[in-house]
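J.: For reference, the sequence and a predicted model appear below.
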Amino acid sequence: MQVFWPDKHGRFPWEHDAEASCQASQPLLWLSPAEHPRGVWTEFDPYEGWPFGTSLPYFSAHTTLAVVDGTAEITAVVRGHDGSWLFLDDSGEGEATEVTNLRHIANTHPEVVTVADLAEGQRADRASNGGWVRSAVPG
């Protein structure tokens, strides 16, 4: 959903005779970045450097309450075959009943950015030395 405001004559940004300032001051979210007219909305990339690739910061992540509140360490990261993300602690998958977002996970548990490149159908389990051991998720 997107909200638009008209120019002082009641014309919206997509209308041919809308004021240039009206068109330039709000994004046209139905356009891809490559199709969008140059301006403030194309010159700043808020996701530059984002480690989780095409999974945006507010993409949902399933986890445990202890991972969400930061009281448990993440011991496994699972990237589902459908692209979903699951962050587990020692309590196991059955306890992963909370939904949060990738931004919260990355901010609360920065160590997981080292496995942010997991492909769909892969998992990474925490090794005793603190590193990660990657493997395939069963089909």
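T.: In hand now; what should we look at? Here the structure is a predicted model, which is why all the values come from computation and not from measurement.
J.: So, low pLDDT: which residues of the chain?
T.: Low-confidence regions of the chain, defined by pLDDT under 70, span residues 40-41, 44-46.
J.: can you give me the helices in it?
T.: 20-24, 40-43, 65-68, 102-108 (DSSP state H).
J.: Can I get these in TSV including distance to residue 79 and mean neighbour count?
T.: All C-beta atoms are positioned from the backbone trio N, CA, C, and that covers glycine. Formatted as TSV, the helices of the chain follow (distance: least, CB to CB, whole Å; neighbours: other CB atoms under 10 Å):
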stretch	distance to residue 79	mean neighbour count
helix 20-24	39	14
helix 40-43	30	12
helix 65-68	16	19
helix 102-108	11	17
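J.: okay if I get the ones you listed as a markdown table plus distance to residue 135?
T.: As requested, the helices of the chain are exported to a markdown table (distance: least, CB to CB, whole Å):
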| stretch | distance to residue 135 |
| --- | --- |
| helix 20-24 | 49 |
| helix 40-43 | 40 |
| helix 65-68 | 20 |
| helix 102-108 | 20 |
